[in-house]
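pasting the sequence and the predicted coordinates here, then a few questions.
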Amino acid sequence: MPKLTIDGNEVEVDAGLTVLQACEQAGIEIPRFCYHERLSIAGNCRMCLVALERAPKPVASCAMPVADGMVVHTNTPEVHKMRKGVMEFLLINHPLDCPICDQGGECDLQDQAMGYGLDHSRYKENKRAVEDKEMGPLIKTIMTRCIHCTRCVRFTTEIAGITDMGMLFRGEHAEITSYLEKAVDSELSGNVIDLCPVGALTSKPYAFVARPWELKKTETVDVMDALGSNIRVDARGSEVMRVLPRLNEDVNEEWISDKTRFACDGLRRQRLDRPYVRKGGKLQPATWDEAFAAIKDKVDGLSGSKLAAIAGDQADCEAMVSLKALMANLGSANIDCRQDGSKIDPSLRAGYIFNSTIAGIENADALLLVGTNPRVEAAVLNARIRKRFLAGTFPIGLVGEAADLRYDYTHLGTGPEDLQAVLDPGSEFGKVLQAANRPMIIVGQGALAREDGAAVQALTREIAEKYGMVDKASGWNGYNILHTAAARVGGLDLGFVPGEGGLATEDIVSACGKGDVQVLYLLGADEIDMNALGSAFVIYQGHHGDAGAHRADVILPGAAYTEKNATWVNTEGRVQLGRLAAFPPGDAREDWTIIRALSDVLGKSIEVGDLRAVRSKLVDANANFLGIDSITSATWGEFGTPGNVSAAPFTSPISNFYMTDPISRASETMAKCTETFLGSPEQKTGTDG
Amino acid sequence: MSDAPETFEFTADSKAKADAAIAKYPEGRQRSAVMPLLDIAQRQCGGWLPMPAIEYVADYLDMPAIRVLEVASFYTMYNLKPVGKHFVQVCTNLPCWLNGSDNIMRACHDKLGIKNGETTEDGEFTLLEVECLGACVNAPMMQINDDYYEDLDSDATKQILDDLKAGKQPKTGSQLERYTCEPLGGLTSLTHQEELRAQKVSEKGDN
């Protein structure tokens, strides 16, 4: 390991690091604009200059590899002078419009100009002006502010895998642009806003909305997909102004998808802020007491088999465990958290989580995708697959709908039969999996949410076992289920599935149609066929006036994910806590408190006093809830039901990435994205006009 | 001057040249040939690169169009706007300027009736001020299409432009009596080389 002296202190660092990284390890911060640890090194801003003894001129530390015996100075008057010079050049063409710039207060250039800027400008000539570029409904551009660090170009090319952005012309005429000024068509495009060190690329929906110092920042988790991306929610008063990513190397690194970032304006529209009761065919505003009384009227005297409950895609674990307890007290086994009709086997944990973990993708050496399009189902996870792909020797096979996944793969077919063909070790991809040391399979909901889902799952287990994807000796488990719903693993973990003799989602719906189930409790479930519910009495507890609320007989207004302290479990089985960033609107309440109050009214109290009591119920249901932010590896075993598979091709459960849940369907920004990237505004469901 | 074409495709001749350029690089490194290919495309298009040509080159090399556009916009010798049949580039850097490049520019203005960066209405001439073309020894100079015209003065410039207008090929290189960049009035040292030079001249037929 090379030893070098930085500011008089000798440090020993790993070979292959750059001087800038070595300085960071030594606890010295080097100013920079273009350098970013997750992107390739460009070395074009020159802000990170240091003095290197025996070097003829200042050295850009971000691009200089360490060598034994280097003597580096980062804090001498000479170094300061160099950096001041660089800063002066950067500021020559940078407009002095900080007061009207959305980056103000969180701008790298502003911050570093405090350290290295002159107190006046010596530049008397005209500053250059650059025409703004059109980059779609998410990214606002003020290109005069651009300092040409090319972070956005490198991000889109390297991480997002699109080749839309580039730097045209040269020198004073250099301009960052997207090709032919097309909208940047990536599910991760919003990250360039965070990456931009100045105010050249800012958030369009957030333009001129707030200043960073006015916002209350809450660290929480995202529920727009099953990844559980770590986010920071910035709120002013009761309004969520924006969502930013939070660093978590194991989950989302520092990226979030555009839906996670921009769907938050949906939290302000179509909200359920008071209870409603259907009277004379119309939903009428009501008080909580009236709503509960209407439910009591209906439920009293009904046997448990006439009741059913379905939990939606964003339900939190506290609400689900409470509802499960309530349904048990009412004597009903008809509960299900798989509103998409997935036939996933809830009996064994290893059979329904992403066993290899998301970070584990980087250790795999072959990948089989089954019935999934990770680009739309979990955009940030897809970036992780791409990262592994770029590292080289990573054969990827896909059984399912062919799509542009931003990396190369072999399309092995579309249906279960093609999956069966992979079982043959003589087949093309069979050989690949055979040769791999740590192969992995990712099974999507497109393969499981169908009639023969259980048989397909058994088939995937067979493949996993055949090709040594589960290796007890090394601890490698490459059998992965990619969920699309934030609530799913939590629901399966705490057993929100049909009990003995209970009905699963599809059976509940058809039983409602036949009148066998008379009361249906929807906990934020909007994706079932509302027209098939017959005359059932529907209780909808949720936060948006979507399909479920439209059909409901009683609406209990709940809290959205930013408005409650709640637990979610991501697709890896990682238990994460969401925190309250803003209070729910009007009469809306945290979900588990609604269920507890209702249980008291019904005389079937679930007997939980506070959040702590609910959480201890979670732990009772599954000990995994003890380990917050950690992953417990699941024991391998039998799951799935071997059987005949149909020939029908796998289809992706998500047709429109931008609208998958009540919040994103209510979001104007997501509607604009749908129009821009998918051609026409998606037919909305529910009560949207 | 040609209008922007809707489509672009290499002619058989261009294709042969392009493939020869690509063959210089190892398999899978065909992108390295982007600059020669852009040049071939530019020549085929009459001195400039319309967007379809850029996209065609991108497809030809299996690379993103934006990367090709970056190259084409970075280098000044690729023209992204149509140019005249005779693309007049006058050097105005220091050595040429000291030797009267202002007069050359003025002569061009007077003769062609256009200013820097403009094209004549008939599409015959485009005039452009450029940075050093590396012929300072015979300053001032200008480049028209692929030919250098050196040791210019106002009259010589006008004469060259007149010749081109008339469809004649003017004398290229130095407009004075000198061989390439040798001293005016003959060699002052290594004079024994003169015989050798005379031989060369007679072989080539001109200077």
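Thanks, I have the structure now. On a predicted model such as this, the values are computed, not experimentally measured, just so you know.

so what pLDDT did residue A:301 get?
Per-residue confidence (pLDDT) for residue A:301: 89.

now the strands: where do they sit in chain B?
Using DSSP state E, the strands of chain B run over B:86-91, B:125-130, B:142-144, B:147-150, B:173-174.

actually the stretch 151-300 of chain A, not the one I wrote
Secondary structure of the stretch 151-300 of chain A (DSSP state E, counting those that start in this stretch): strands at A:165-168, A:175-178, A:201-203, A:216-221, A:230-236, A:239-245, A:276-279, A:282-285.

which residues touch stretch B:162-169?
If you take Cβ atoms under 8 Å, 6 or more residues apart in numbering or on different chains as the criterion, stretch B:162-169 is touched by B:86, B:111, B:124-125, B:144, B:170. No exception for glycine: its C-beta is placed from N, CA and C like everyone else's.

export the residues you listed to JSON lines and tack on distance to residue A:498?
Listed next are those as JSON lines, based on distance: Cβ to Cβ, whole Å:
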{"residue": "B:86", "distance to residue A:498": "84"}
{"residue": "B:111", "distance to residue A:498": "92"}
{"residue": "B:124", "distance to residue A:498": "84"}
{"residue": "B:125", "distance to residue A:498": "84"}
{"residue": "B:144", "distance to residue A:498": "85"}
{"residue": "B:170", "distance to residue A:498": "93"}
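
quick one: low-confidence parts of the chain?
Picking chain A for this. Scanning chain A for pLDDT under 70 picks out the ranges A:680-689.

switch to chain B, that's the one I care about
Low-confidence segments of chain B, defined by pLDDT under 70: B:1-3, B:204-207.

which parts of it sit against chain A?
Residues of chain B lying near chain A by Cβ under 8 Å from any Cβ of the partner chain: B:64-67, B:69-70, B:73-74.

enumerate every residue touching the closest residue to residue A:497 other than its chain neighbours.
Excluding the flanking residues, the one nearest residue A:497 by Cβ to Cβ, 6 or more residues apart in numbering or on different chains is residue A:346, at 4.5 Å. The neighbourhood of residue A:346, defined by Cβ under 8 Å, 6+ apart, consists of A:352, A:492, A:495, A:497.

any idea how far residue A:346 is from residue A:448?
Residue A:346 sits 12 Å away from residue A:448, going by Cβ to Cβ, to the nearest Å.

following the one helix or strand residue A:443 maps to in sequence, what is the next regular element?
Assessed by DSSP states H and E, residue A:443 sits inside strand A:439-444. Sequence order places helix A:445-448 as the next helix or strand after strand A:439-444, per DSSP H and E.

contacts for that next one, please.
A:340, A:342-344, A:370-373, A:377, A:399-401, A:416, A:419, A:453, A:456-457, A:460, A:481-484, A:650-653.

then whichever helix or strand comes after that helix to CSV, C-alphas only?
Heading C-terminal from helix A:445-448, the first helix or strand you meet, by DSSP H and E, is helix A:453-466. Extracted in CSV, the C-alpha atoms of helix A:453-466 (Å, rounded to 0.1, in the frame of the first residue of the first chain):
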residue,chain,number,x,y,z
GLY,A,453,-48.2,-18.8,-10.7
ALA,A,454,-47.6,-21.4,-8.0
ALA,A,455,-46.4,-23.9,-10.6
VAL,A,456,-44.2,-21.3,-12.2
GLN,A,457,-42.7,-20.5,-8.8
ALA,A,458,-42.0,-24.2,-8.3
LEU,A,459,-40.3,-24.2,-11.7
THR,A,460,-38.1,-21.3,-10.7
ARG,A,461,-37.2,-23.0,-7.5
GLU,A,462,-36.2,-26.1,-9.5
ILE,A,463,-34.0,-24.0,-11.7
ALA,A,464,-32.4,-22.3,-8.7
GLU,A,465,-31.6,-25.7,-7.1
LYS,A,466,-30.5,-27.3,-10.3
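
which residue is the nearest non-sequential neighbour of the closest residue to chain A within chain B?
The nearest approach of chain B to chain A comes at residue B:64, 3.3 Å away (Cβ to the nearest Cβ). Excluding its sequence neighbours, the residue lying closest to residue B:64 (Cβ to Cβ, 6+ apart) is residue A:163, at 3.3 Å.

if we can go back for a sec, show me the contacts for the residue of chain B closest to chain A.
A:163, A:179, B:58.

using JSON lines, lay out those residues together with distance to residue A:329 and neighbour count.
Below are the contacts of residue B:64 laid out as JSON lines (distance: Cβ to Cβ, whole Å; neighbours: other Cβ atoms under 10 Å in any protein chain shown):
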{"residue": "A:163", "distance to residue A:329": "58", "neighbour count": "17"}
{"residue": "A:179", "distance to residue A:329": "61", "neighbour count": "21"}
{"residue": "B:58", "distance to residue A:329": "66", "neighbour count": "21"}
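
of all those, which comes closest to residue A:506?
residue A:163 (43.1 Å; Cβ to Cβ).

in contact with the closest one, which residues?
Residues counted as contacts of residue A:163 (Cβ under 8 Å, 6+ apart) are A:156-157, A:179, B:64-67.

for the strands of chain B, which one sits closest to residue A:310?
When the strands of chain B are ranked by proximity to residue A:310 (Cβ to Cβ), strand B:125-130 comes first, at 71.4 Å.

residue 74 - how many residues pack around it?
Defaulting to chain A. A count of nearby residues for residue A:74, using other Cβ atoms under 10 Å in any protein chain shown, gives 22.

let me rephrase: I mean chain B.
Using other Cβ under 10 Å, residue B:74 has 15 other residues around it.

who's the closest spatial neighbour of it, skipping the chain neighbours?
Leaving aside its chain neighbours, residue B:74 sits nearest to residue A:170 (4.8 Å; criterion: Cβ to Cβ, 6+ apart).

can you get me a residue count around the one you found?
13.

quick check: residues of chain A near chain B?
A:163-170, A:178-179.

are any of the residues you listed buried, and which?
Neighbour counting by 16 or more other Cβ atoms under 10 Å in any protein chain shown classes A:163-169, A:178-179 among these as buried.

looking at these, which two lie furthest apart in space?
So, those by Cβ to Cβ: farthest apart are A:163 and A:169, at 18.1 Å.

pick the one among the contacts of residue B:64 closest to residue A:315.
Out of these, the member with the shortest distance to residue A:315 (by Cβ to Cβ) is residue A:163, at 39.4 Å.

what does residue A:399 show for phi and psi?
Per-residue torsions, residue A:399: phi -110, psi 110 (degrees, to the nearest 10).

nearest to chain B: which residue in chain A?
In chain A, the residue that lies nearest chain B is residue A:163 (3.3 Å; Cβ to the nearest Cβ).

for that residue, phi and psi?
With angles defined as degrees, to the nearest 10, residue A:163 sits at phi -120, psi 50.

quick revisit: determine which two of the contacts of residue A:346 are furthest apart.
Most distant of the contacts of residue A:346, by Cβ to Cβ, are A:352 and A:495, 11.9 Å apart.

who has more neighbours, these two?
Neighbour totals were compared for residue A:352 and residue A:495, and residue A:352 leads with 27 against 17 (other Cβ under 10 Å).

just to check, that one is in contact with residue A:492?
Yes - using Cβ atoms under 8 Å, residue A:352 makes contact with residue A:492 at a distance of 5.2 Å.
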